[in-house]
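S.K.: sequence plus predicted model, see below.
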Protein chains: 2
Amino acid sequence: MSSIKKDENFSEWYNEIVEEAGLTDKRYPIKGMNVWPAYGWKIMRYVDSYIREELDATHHDEVCFPLLIPQTEFQKEKEHIKGFDAEVYWVTKAGDNELDIPLVLRPTSETAMYPMFSLWIRSHSDLPLKIYQLVNTFRYETKQTRAFIRVREIHFFESHTCHVDEEDAQKQIEEDIQILSRIAKKLCMPYMLLRRTEWDKFPGAYYTVGIDTTLIKGRSLQLGSIHHYHENFSKPFDIKYEDLNGDLKYVHQTTYGMSERLLGAVIGVHGDDKGLVLPPAIAPFQVVIIPILAKGNVEEVEKQACILRDELRAAGIRVELDDGDERPGNKFFKWELKGVPLRLELGERDIKNGVVAFARRFDGQKGSFQRSEVTSLVKAELDKIAEEMDAKAWAKMKESIISVDDLENPPEMILRFGWCGDENCGKAIEEKTGLKILGTPYIHEEFHGKCAGCGKDTDIVVYSARAM
Amino acid sequence: MSSIKKDENFSEWYNEIVEEAGLTDKRYPIKGMNVWPAYGWKIMRYVDSYIREELDATHHDEVCFPLLIPQTEFQKEKEHIKGFDAEVYWVTKAGDNELDIPLVLRPTSETAMYPMFSLWIRSHSDLPLKIYQLVNTFRYETKQTRAFIRVREIHFFESHTCHVDEEDAQKQIEEDIQILSRIAKKLCMPYMLLRRTEWDKFPGAYYTVGIDTTLIKGRSLQLGSIHHYHENFSKPFDIKYEDLNGDLKYVHQTTYGMSERLLGAVIGVHGDDKGLVLPPAIAPFQVVIIPILAKGNVEEVEKQACILRDELRAAGIRVELDDGDERPGNKFFKWELKGVPLRLELGERDIKNGVVAFARRFDGQKGSFQRSEVTSLVKAELDKIAEEMDAKAWAKMKESIISVDDLENPPEMILRFGWCGDENCGKAIEEKTGLKILGTPYIHEEFHGKCAGCGKDTDIVVYSARAM
């Protein structure tokens, strides 16, 4: 890593670290479409594996829908198409033929899936229908792109569910929030759940819960969202079921999605001036072993290092032994840059004393493990690191939020203030301050105060931040 | 299943079974772009998991390259572009803007990857470079489409390797053939390795080894291919390395790919008039338990069935207990259609006698297991089924090949005959007979005979078949 400091110039620090650590290659000849090299893709696949684990455990079926959507289907829900029209890619030609009906590259899959749902769902016994897919989506981003955070080909998961009524769909949203809490825990990732304003909800949604975190002081980053669609899509797509009385009813739908931004957030929240800091659950290597060699002991130390590696590997720990020719100091730098949570050092003296030296990437803390109990001690240390990373990140996010009474010269923080609930007043606040109202806490927070716009008494509290 | 017989009308049988068994849904509003519902996608994901296992074990790194390729890169290798020009999809528009440089949806990823390879490779120490990805590709198929076999969005793996010289690339091809043998074994899939003729090799390849099997008498189905590219791509894409003497040299490349056709072949090779027959390694459920209930014993039988399921599951066997309300006969049909390799039946008498009745899907053979040893017996039976399916399929393919001296009124089989090696003579044979020359055996077969075209003495033997 060069001398760029995270706290001084986050953007440059971020742009450099993603390439230096081998997470992405931005030299692909289309802006905003990057290559996933092996190291970055491995981390993303660990994130994916937890998503699958959680969605499978909650009885979502994994499926895979086509990428291309005919224009005719894409335009069925009017709000939805208005929201996406300016940012979709169009396939208009195949071979030498102009296509009769142009095809859209999925920006999200509602309009691909829902014509099929209307064929799949006949009766109440087909409900709830809960499916998901892990695919790439496409958005013609016109703003400045940024690896993982604002790209034009986006790796993401989307779950789609259909229910007998509004209430059952609502229960799904509660389940989604539980799923989120477990996935976020693996990433040591703090988040806010904020119900978006009417003018900021997902195109076509009944309501939207944004999942936000923060990387830069006073700025928020949306990690994903959960939507209640009510009957907004089931009507235009004619998704009906026969209830117990033989009456035809429209299903109520929800969707839930998070993207590779999760990885962007991991980099931004945990990384430091030395490079990446990976949560143990998604680290391709959770442990790296560096043998400390000196003349005369090379063979024995190398042998012991191999034994140590094999022991840890047999216990299911993802471990790399760096037996290359570089000096230990260079190896330290290299693996710190790559974010390996725990470094073990093994030299002649350690072997004699029956210990293994360690250094934690997260906070640099050093110590040593008894060689005889190293497997269980390493496992316990990785768990401890994850707990501490999680706690530290949550504390830092909470410290970055401040309650304010008015918006005159607000500090560069995430702001919490009263709002009367009127759309015009909310939009006026946004225009005047350049802030974005993220929404009202989805988990209720008690509040009595005055609207920061018009000064009226109100029980509604909102969070706001500058967009990243 | 309706009364369509596999042997009488393969096409109709195939088209019906893929939908009835829940492998695909062809009602998506774009022809040749089908939906993967849960059951089909699960099977494909097992196939993918073996591909990953094999490629990871042979030190290929999994990566993910962008889907879209700029026209300018796509056109760099002249043979390659000629081969694909008529069948690619073009993105020409994004939002309201016409793109300056149209983008191709990958039909395969040479032209996406190789500009990056030329940045990644500097010296001999960067070689061999071995990577792969599991993605979807797109071909504008103008022929009749068929699920998994001829589709327009194709799920596949592609591995790409770079080597110091022709010989090292050749070694890679030997490794690829070993990988193939292990993957095919999981699918109980017989295959032929045939070096394609010069006029039938992959556009841009130095030589191509086709991997073929057969579903219909006298017709071949290509499952995948392995290519040696020599310097054919490294020159136009400028992929050079510095060798030990400091000289700049072009890398030698290979590629290897197989698609969802593997699943189509599994259906066609193993299926029968009752439906799918799945090899145990890729069956979402390897075992289904059907409780045989009668008045008075319901509670005890259901309890014992649950205990049996939990025991098998704990042993790592993928098992489903069908405790639905249908009659056992209906359940038998349903799970036979879905191809579950082993059915277990548990009734009152079985419990008393300390046995579990079984029926093998593959050949209908019935018997019973001692309840006390059921876990190890089920595992052994699944292994036995796999062995027997594999042996039967290989024997059947071999029986479908016949050596002939001339091509007057050849039988509806895969034909093996002499060829002088001359391109014009080969093309004349193809034209006259309507057969396609698949190629010469990659694993050498001793041969002395006459060319079926011109009658000259020759040591070259070729295989041919009608295209499916």
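M.R.: Sure, I can see it.
S.K.: helices and strands of chain A: which one bottoms out on pLDDT?
M.R.: helix A:78-84 (a mean of 78; mean pLDDT, DSSP states H and E).
S.K.: next, see if that one gets close to chain B.
M.R.: No - using Cβ under 8 Å from any Cβ of the partner chain, helix A:78-84 stays clear of chain B, coming no nearer than 9.5 Å. To be clear about C-beta, it is placed using only N, CA and C from the backbone, and glycine gets the same treatment.
S.K.: list the contacts of that helix.
M.R.: A:74-75, A:107-108, A:110-111, A:202-204, A:232-233, A:236 (Cβ atoms under 8 Å, 6 or more residues apart in numbering or on different chains).
S.K.: among the residues you listed, which lie within helices?
M.R.: A:74, A:110-111 (DSSP state H).
S.K.: which one of the residues you listed is nearest B:I101?
M.R.: Proximity of the ones in helices among the contacts of helix A:78-84 to B:I101 (Cβ to Cβ) peaks at A:F74, which lies at 24.2 Å.
S.K.: how close does that closest one sit to chain B?
M.R.: Using Cβ to the nearest Cβ, to the nearest Å, A:F74 is found at 11 Å from chain B.
S.K.: ok, that residue - how many residues close by?
M.R.: The number of residues packed near A:F74 is 24, by other Cβ atoms under 10 Å in any protein chain shown.
S.K.: returning to that earlier point: which other helices and strands does the helix or strand following the least confident helix or strand of chain A contact?
M.R.: For helix A:78-84, the succeeding helix or strand toward the C-terminus, using DSSP states H and E, is strand A:89-94. Using 3 or more Cβ pairs under 8 Å, 6 or more residues apart in numbering or on different chains; DSSP states H and E, the elements in contact with strand A:89-94 are strand A:97-105, strand B:89-94, strand B:97-105.
S.K.: highest average neighbour count across the ones you listed?
M.R.: Ranked by mean neighbour count under mean count of other Cβ atoms under 10 Å in any protein chain shown, the helices and strands packed on strand A:89-94 are led by strand B:89-94, which reaches a mean of 21.
S.K.: between strand A:89-94 and that one, find me the angle.
M.R.: Taking axes from the mean of the first three to the mean of the last three Cα atoms, to 10 degrees, strand B:89-94 and strand A:89-94 form an angle of 130 degrees between their directions.
S.K.: paired strands for strand B:89-94, with orientation please.
M.R.: With DSSP bridges as the test, strand B:89-94 is paired with strand A:89-94 (antiparallel), strand B:97-105 (antiparallel).
S.K.: now do the same for A:K5: helix, strand or coil?
M.R.: coil (DSSP: H, G, I helix; E, B strand; the rest coil).
S.K.: cool, A:L23 as well?
M.R.: When the rule is three-state DSSP, A:L23 gets the label coil.
S.K.: ok, it - contacts?
M.R.: A:17, A:37, A:39-40, A:43, A:147-148, A:263, A:267, A:276.
S.K.: how many neighbouring residues does A:N34 have?
M.R.: With other Cβ under 10 Å as criterion, A:N34 counts 26.
S.K.: from memory it sits against A:A147, does it?
M.R.: Yes - counting by Cβ atoms under 8 Å, A:N34 does reach A:A147; the two are 5.8 Å apart.
S.K.: and for those two, which residues touch both?
M.R.: In contact with both A:N34 and A:A147: A:24, A:26, using Cβ under 8 Å, 6+ apart.
S.K.: quick one, helices of chain A?
M.R.: A:10-20, A:38-57, A:71-74, A:78-84, A:110-120, A:166-187, A:261-270, A:298-314, A:328-337, A:348-353, A:374-399, A:423-433.
S.K.: can you mark which positions in the fifth one are buried?
M.R.: Which is helix A:110-120. Within helix A:110-120, the residues scored as buried using 16 or more other Cβ atoms under 10 Å in any protein chain shown are A:110-117, A:120.
S.K.: residue contacts, A:K366?
M.R.: A:357-360.
S.K.: among those residues, which one lies nearest to A:L221?
M.R.: Distances from A:L221 to the contacts of A:K366, taken by Cβ to Cβ, are shortest for A:R360, at 26.2 Å.
S.K.: pretty sure A:I226 contacts A:E175?
M.R.: No - between A:I226 and A:E175 there is no contact under Cβ under 8 Å: 9.9 Å.
S.K.: the more surrounded of the two?
M.R.: Comparing A:I226 with A:E175 by other Cβ under 10 Å, the one with more neighbours is A:I226, at 28 against 18.
S.K.: chain center to stretch A:264-282: distance?
M.R.: 13 Å (Cα atoms, centre = their mean, to the nearest Å).
S.K.: C-alpha coordinates for it, CSV please?
M.R.: Output of stretch A:264-282 as CSV, limited to C-alpha atoms (Å, rounded to 0.1, in the frame of the first residue of the first chain):
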residue,chain,number,x,y,z
GLY,A,264,-17.6,-2.9,-0.6
ALA,A,265,-19.0,-2.2,2.9
VAL,A,266,-16.7,-4.9,4.4
ILE,A,267,-13.7,-3.2,2.8
GLY,A,268,-14.8,0.3,3.9
VAL,A,269,-15.9,-0.5,7.4
HIS,A,270,-13.1,-2.7,8.5
GLY,A,271,-10.1,-1.8,6.3
ASP,A,272,-7.2,0.3,7.6
ASP,A,273,-4.1,2.0,6.3
LYS,A,274,-2.3,-1.3,6.0
GLY,A,275,-5.1,-2.8,3.7
LEU,A,276,-8.0,-5.1,4.0
VAL,A,277,-9.3,-6.5,7.3
LEU,A,278,-11.5,-9.5,6.7
PRO,A,279,-14.0,-11.0,9.1
PRO,A,280,-13.0,-14.6,9.7
ALA,A,281,-16.2,-16.0,8.2
ILE,A,282,-15.4,-14.7,4.7
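S.K.: tell me the mean pLDDT over it?
M.R.: Here stretch A:264-282 scores 98 as its mean pLDDT.
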